[in-house]
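J.: Sequence and predicted structure are below.
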Amino acid sequence: MAINPKKPCSKNPEKEEETIITSNEPLIPGLPNDVAELCLLRVPYPYQALVRTVSASWNKAITDPGFLLCKRSLSLSLPFLFVFAHNKSTARIQWQALDPRSGRWFVLPPMPLPKGVLFPAPAFSCASLPRHGKLVVLGGMRSDTARPMQAAMVYRTSTNQWSEAAPMLTPRAFFEAVAIGGEIVAVGGSGGAAGEAITAVERYDHVTDTWTAAADLPAALARYGSAVVGGELCVTEGWTWPFMFSPRGAIYDPGSDTWRQMRPGMREGWTGVSVVVGERLFVISEHGDCPMKVYDPDEDTWRYVGGAKFPCEALRRPFAVSGLEGMIYVVSSGLYVGVGRVYEEEEELLGKKDVKVEWQVVPAPTAFQGFVPLSCQLLYA
């Protein structure tokens with residue numbers, strides 16, 4: 001797309017005459033503001049936060065809601081991998097971001113955790129709104145009462161800062177949080193001193209910073225895996241060793257605010273961490289050499305994925321997985337990252353398209369040894 005430097009991006013597509021800056025103070029002396037804005041739009045993440053300290057006018061430009069919209073419209077936003085990790089030996093938790101193109105890591109500022117937070121860190125749940133550049137962390141447990149919390153924290157790539165958000169309606173820990181339809185949905189978990197199971201579900205509107213109750217889970221699930229497929233939220237308790245009991249699962253339709261039972265083939269074959277790429281549901285199995293499968297909704301079955309073998313020699317469990325733009329990102333122990341490119345090839349005999357993945361491994365710095373991933377999210381920055 002050709003960019004006209006004399007025509008700045010607008011905050012609102014219906015109001016082309018608006019620009020990011022309305023102040024009379026020049027952004028860069030000697031340059032028109034619309035040209036200066038294009039310069040600021042090309043400052044890469046995470047250095048925009050440093051640029052904000054140069055002047056009040058630069059801070060106003062970068063924190064304006066139209067800035068990220070304009071950056072996206074010019075295709076200047078790029079996907080970064082954000083990893084929430086825990087070091088068991090030191091009880092340290094931290095967020096860091098990886099630029100998959102250069103292999104460089106950036107440590108994020110610490111979260112504004114409430115006082116008295118109790119670990120284990122998996123009591124938190126994380127979700128992201130990639131196109132809005134927002135990362136959401138929910139829940140946790142208190143050390144003084146060992147009770148779940150209602151905490152909600154939001155990270156914005158545009159400012160490289162955390163802020164507290166409206167608390168959840170229900171205190172919960174060890175639950176699922178998933179982005180669907182521009183909202184964050186918090187599902188199930190445990191609550192109270194006795195750790196009783198929660199079937200309550202709630203939805204978060206990041207624009208209005210409000211929570212609303214949704215239809216309850218049809219049954220409390222013991223262990224969670226989730227994915228958004230075709231605009232619906234699929235939740236399963238997943239297999240646990242020694243595979244003695246068949247897992248349960250349910251599917252949520254946000255449009256009708258209703259739940260239904262998951263199809264038998266889907267829940268029986270959901271045997272590991274999941275990721276959705278191009279409306280396809282993939283699972284990396286938690287046993288053996290981590291075979292990878294893709295779900296066939298027409299036949300309610302799972303098929304093994306072709307292509308290169310999953311690099312289980314370099315990537316050690318536990319895994320955190322995310323996917324975007326035809327790519328799968330797997331973060332493993334020590335924060336090594338596997339990047340898989342999903343592609344298709346026509347099968348000669350069956351006439352079907354065979355799904356395959358090509359892998360490469362991004363090594364992590366030695367400083368990350370001892371860290372294990374709790375969550376990984378993709379955001380445009």
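T.: Thanks, I have it.

J.: and the residue nearest to residue 221 when sequence neighbours are not counted, how many residues sit next to it?
T.: Leaving out its chain neighbours, the residue that sits closest to residue 221 by Cβ to Cβ, 6 or more residues apart in numbering is residue 237, at 3.8 Å. Glycine gets a C-beta too; all of them are placed from N, C-alpha and C. Residue 237 sits with 21 neighbouring residues when counted by other Cβ atoms under 10 Å.

J.: Quick one: residues contacting residue 237.
T.: Applying Cβ atoms under 8 Å, 6 or more residues apart in numbering, we find residue 237 in contact with 221-225, 247-249.

J.: mind running it again at 6 Å?
T.: 221-223, 247-248 (Cβ atoms under 6 Å, 6 or more residues apart in numbering).

J.: Among these, the buried ones, what's the PyMOL command?
T.: Applying 16 or more other Cβ atoms under 10 Å to the contacts of residue 237, the buried members can be selected in PyMOL as follows:
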select buried, resi 221+247+248
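
J.: The contacts of residue 237 in helices, which ones?
T.: Among those, no member is found in helices (DSSP state H).

J.: how about the helices in the chain?
T.: 33-41, 48-51, 56-63, 65-73, 264-269.

J.: If I average pLDDT within each of those, which one is lowest?
T.: The minimum mean pLDDT among these belongs to helix 65-73 (a mean of 73).

J.: buried set for that helix?
T.: Neighbour count says helix 65-73 has 66-71, 73 buried, by 16+ other Cβ under 10 Å.

J.: Widest-spaced pair of those?
T.: Using Cβ to Cβ, the pair of these lying farthest apart is 67 and 73, separated by 10.9 Å.

J.: thinking again about what came up before, relative to residue 256, how far out is the residue nearest to residue 221?
T.: 23 Å (Cβ to Cβ, to the nearest Å).

J.: what's the answer for residue 43, then?
T.: 43 Å.

J.: the more surrounded of those two?
T.: More neighbours surround residue 43 than the other of residue 43 and residue 256, with 17 against 9 (other Cβ under 10 Å).

J.: Please report how far the residue nearest to the more buried one when sequence neighbours are not counted lies from residue 304.
T.: In this structure, residue 43 finds its nearest non-sequential neighbour in residue 51, 5.3 Å apart by Cβ to Cβ, 6+ apart. Residue 51 sits 48 Å away from residue 304, going by Cβ to Cβ.

J.: Looking at these two, which has the bigger crowd around it?
T.: residue 51 (15 against 10).

J.: Can you report how many residues neighbour residue 325?
T.: The burial count for residue 325: 11, using other Cβ under 10 Å.

J.: Skip the chain neighbours and tell me the closest residue to it.
T.: Nearest to residue 325 is residue 79, by Cβ to Cβ, 6+ apart, at 6.7 Å.

J.: And for the one you found, the neighbour number?
T.: What residue 79 shows, counting by other Cβ under 10 Å, is a neighbour count of 18.

J.: Bridged to it, which residues?
T.: Beta-bridge partners recorded for residue 79 (DSSP bridges): residue 380.

J.: what residues are up against it?
T.: 324, 378, 380.

J.: Now, of those residues, which are buried?
T.: 324, 378, 380.

J.: The nearest residue in space to the first one that is not next to it in sequence and residue 73, how far apart?
T.: Beyond its immediate neighbours in the sequence, the residue positioned closest to residue 324 (Cβ to Cβ, 6+ apart) is residue 378, lying 4.5 Å away. Residue 378 sits 19 Å away from residue 73, going by Cβ to Cβ.

J.: got it, and residue 373?
T.: 32 Å.

J.: Also residue 80?
T.: Distance, residue 80 to residue 73, using Cβ to Cβ: 19 Å.

J.: again with residue 37
T.: Distance of residue 37 to residue 73, computed by Cβ to Cβ: 12 Å.

J.: which among the contacts of residue 237 gets closest to residue 300?
T.: Lowest distance from residue 300 to the contacts of residue 237 (Cβ to Cβ) belongs to residue 247, with 15.0 Å.

J.: I'd like the helices of the chain as CSV, with distance to residue 113 appended.
T.: Converted to CSV, the helices of the chain look like this (distance: least, Cβ to Cβ, whole Å):
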stretch, distance to residue 113
helix 33-41, 32
helix 48-51, 20
helix 56-63, 24
helix 65-73, 26
helix 264-269, 35
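
J.: Which one of those helices lies nearest to residue 332?
T.: helix 264-269 (22.4 Å).

J.: CA atoms only: put the closest one into PDB for me.
T.: Extracted as PDB, the C-alpha positions of helix 264-269 are listed here (Å, rounded to 0.1, in the frame of the first residue of the first chain):
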ATOM      1  CA  PRO A 264     -17.000 -37.900  21.700                       C
ATOM      2  CA  GLY A 265     -14.200 -38.000  19.100                       C
ATOM      3  CA  MET A 266     -13.000 -34.500  19.900                       C
ATOM      4  CA  ARG A 267     -12.800 -35.000  23.700                       C
ATOM      5  CA  GLU A 268     -11.400 -38.600  23.500                       C
ATOM      6  CA  GLY A 269      -8.500 -37.500  21.200                       C
END
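
J.: Go through that helix and flag the buried ones.
T.: The neighbour-count check on helix 264-269 (16+ other Cβ under 10 Å) flags 266-269 as buried.
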